[in-house]
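*Asks:* have a look; sequence and predicted model below, questions after that.
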Amino acid sequence: MPKLLIADDEPHIRTLLQQTLETLEDDGVELLMEADGAAALERIRRERPAVAFLDVMMPKMNGYDVCAAVRADPDLAHVRVVLLTAKGQEADRQRGADVGAHLYLTKPFDPDALLETAERLLGLG
């Protein structure tokens, strides 16, 4: 069963992401939730999700650092990382690319586009 991790420190954003992506559960995808970067990295190492949606601005470890740690671990090479942030400046996008993120999406996001992105990265579409 493929897994998808959602990591965001804001409960309402986490809930919105979960509600947007919960139809994936019909395709056998397990949704995992975390509220900070350090917990997200630990969960990625333990559960090895196919896709991780990471907020950039999180306590304990930001999304960039989590992504860099995932990319540095050969055992996690399969994990597709999507950074989510309200910061849409080109320098922010470049930093996301530099740490190895597959995608960099800005908030507010289009729920349909987010679901389509998840399906594509999971190979469901």
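*Replies:* Good, I have the coordinates. Numbering: from 1, shown residues only.
*Asks:* gap between Ile6 and Leu54?
*Replies:* Remark: distance between Ile6 and Leu54 (Cβ to Cβ, to the nearest Å) = 9 Å. The C-beta positions use only the backbone N, C-alpha and C, and glycine is treated the same way.
*Asks:* mind telling me what element the most centrally placed residue in the chain is part of?
*Replies:* Against the mean C-alpha coordinate of the chain, by Cα atoms, centre = their mean, the closest residue is Phe53 at 1.0 Å. Phe53 belongs to strand 51-55 when assigned by DSSP states H and E.
*Asks:* that strand: what's the following helix or strand?
*Replies:* helix 63-72.
*Asks:* in a strand, that's where Leu21 is, yeah?
*Replies:* No - secondary structure of Leu21 (DSSP: H, G, I helix; E, B strand; the rest coil): helix, not part of a strand.
*Asks:* and it, how many neighbours?
*Replies:* 22 (other Cβ atoms under 10 Å).
*Asks:* who's in contact with it?
*Replies:* Listed by Cβ atoms under 8 Å, 6 or more residues apart in numbering, the contact set of Leu21 reads Leu4, Ile6, Val29, Leu31, Leu114, Leu115, Ala118.
*Asks:* then the fourth one would be within a strand, right?
*Replies:* Yes - Leu31: assigned to a strand according to three-state DSSP.
*Asks:* list the contacts for the residue nearest to the centre of the chain?
*Replies:* Applying Cβ under 8 Å, 6+ apart, the residues contacting Phe53 are Leu4, Leu5, Ile6, Ala7, Asp8, Leu17, Val82, Leu84, Ala118.
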